[in-house]
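[1] curious how this folds, go ahead:
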Amino acid sequence: MLLRVIVSPQEIRRVTLQDVPLSVDELCSVLRNTLGLRGNFLLQFEDPDFGNELCNLTDIKDLPTERATLKVLFTFSEPLSDSTLDTASLSSQSPRSSTTANPSPGSSGDSTDWPDPFVIPGFSHDVEFQLRAANDAYANDGTVMVISKSVKSEILDRLADCITKITPYPTKVNLESVAKALVVKHPCLREPGSGQGWYSWKFSLVFKMGNYRQRMMAAGFPEVLVNKRKRGQGNAKPVKKSKKGEIHYLPQPPEGQTAVKTEKDCETMLLEVQKRDPDLQVLDELMTATFSKRRQEIIGDEPLISAVMDRWPALFTERQVIAEFRRIVAKDLLESFLGGLDAFVPSLLQLYRSAAASGRKLALSSILDSLQKEDTNQN
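    Numbers count the residues shown, from 1 in each chain. The predicted structure follows:
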C-alpha cells in the first residue's frame, strides 16, 4: 500500500507499507514509528466517494486499498474547556492504568506513549533478502540465521532510529517489546539455546541506544543535550539528569511559531493577565502556543521560581496548572490525583479502624461507623 501522508503544509511524506494494517490503531502505530510522530493524533483520508474530501478514518476498511492520502491532525495541544476544570467527586473517579498500549485518537494519551505491539521497520533491500531466505529455512528445518556483523549493525541502527523517534530514553520493558517483536517477525533471528530467543537482542539494544544518544548529543538534539548537567563548579563531570515521565518533555515549536511571534505572544499574555477579568480562552491559546518556549527556558535555564512567576504569571493559576500538566504528561491532573487517592482509601480506613480498635478516640469515629453500615462508594 502506498500512502501520501500530510503531517503539515511543509511536510508531506511518502510511505510504503508492505503489509496492510488490520485496524486504524495499528496504522497509527506504523505512522508513529515510520514518521517519528509524537503525541496523540487522529487520521483523515481523502474519500473518493465524496470527491476526495477529507473524512475522519474510523474504520480501516474505508481506506482505499492501493493508494491513499492521509492527513495527520494532532490533538494533544487542544486548550482545556471549562468542563475539564470541574472537580469530580471521589465516587465518580476510577484509577486509571499508568500505561495504555495503544492510545486511540482523541484520548488523553498515556504516560509512555509506546506502541504496542512495536512495529518492526523495513531494512535495506539486501538485508531484507537475507532475512526472507533465512526465515524460509527456519520454517523448513528450524535453522537459525548466522548473522554477520554488518547485518546485525544495520538491524540495530534501524531499530535505534525508530525507537529514538518515540523516546531517546526507552525503558527495559520497552526494549523487551522491541526484541520480542523482532524475533516474532523474523524467527530466524532467534537465539539458539535460549528459552525466549530474544535476550541478546535486548542487551544489544541497550548498548546501541547509549551509543545512539551520544550521536544525537553531538548533533545537538535538544532533548538529549539538556540531560547533561554540571554538578557545582570547576572540572566536575557532567551528570545525567534522572529520567522523567513526561511525554512532551522538551517539545519542538509548532509550525509557524517563530521566536519573534513567541515573544509577542508573551507580551500579549502579560497584558491579558493584568486585566481584572482576563479572557481565559485567549490565555489558553497563548499558553499552548508558547509551551515549547516555556519548557526550553524552565528545563534548559533552570530559573528561580520568582523568575518564572515574573516571566509566566498565567502559569500560576489553577486553570493553567491543570492545563500545563495535561500538556506535559497528557493526563488530567484532578483525575490522576483523585484516582490515586482512591487507591489509598482502603489502607487509610484500615489504619483508622486499627487505631479505633486499640481504644484511641478518633475524630472520624462517626464516619467509620457509617462506613461499617455502608461500605460501598456508590451513590
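[2] isn't Ala289 right next to Pro254, touching?
    Yes - under the criterion of Cβ atoms under 8 Å, Ala289 makes contact with Pro254 at 7.0 Å. The C-beta positions use only the backbone N, C-alpha and C, and glycine is treated the same way.
[3] between these two, which has more neighbouring residues?
    Ala289 (21 against 14; other Cβ atoms under 10 Å).
[4] for that one, give me its contacts.
    Contact analysis of Ala289 by Cβ atoms under 8 Å, 6 or more residues apart in numbering lists 254, 257, 261-262, 265.
[5] got it, and Leu131?
    Here Leu131 is in contact with 123, 145, 186, 188-189 (criterion: Cβ under 8 Å, 6+ apart).
[6] what is the nearest of the residues you listed to Phe316?
    The closest of these to Phe316 turns out to be Phe123 (Cβ to Cβ; 49.9 Å).
[7] can you map out the helices along the stretch 101-250 of the chain?
    Applying DSSP state H, counting those that start in this stretch to the stretch 101-250 of the chain gives helices spanning 125-141, 149-166, 172-185, 199-219, 222-225.
[8] quick check: buried residues in the shortest one?
    Read that as helix 222-225. By 16 or more other Cβ atoms under 10 Å, the buried positions in helix 222-225 come out as 222-224.
[9] again, but for the third one
    Neighbour counts using 16+ other Cβ under 10 Å place 174-183 of helix 172-185 among the buried residues.
[10] hang on, the earlier thing: identify, from the buried residues of helix 222-225, the entry nearest to Val206.
    Among the buried residues of helix 222-225, and counting by Cβ to Cβ, the member closest to Val206 is Val224, at 16.1 Å.
[11] please convert the helices of the stretch 101-250 of the chain to TSV, extending it with mean pLDDT and distance to Val282.
    Compiled in TSV, those are given as follows (pLDDT from 0 to 100; distance: least, Cβ to Cβ, whole Å):
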stretch	mean pLDDT	distance to Val282
helix 125-141	91	52
helix 149-166	90	33
helix 172-185	91	39
helix 199-219	88	37
helix 222-225	74	28
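[12] Asp310: which of the ones you listed is closest?
    Closest among the helices of the stretch 101-250 of the chain, using Cβ to Cβ: helix 222-225, at 24.2 Å.
[13] distance between the closest one and the chain's centre?
    Centre-to-centre, helix 222-225 and its host chain are 16 Å apart (Cα atoms, centre = their mean, to the nearest Å).
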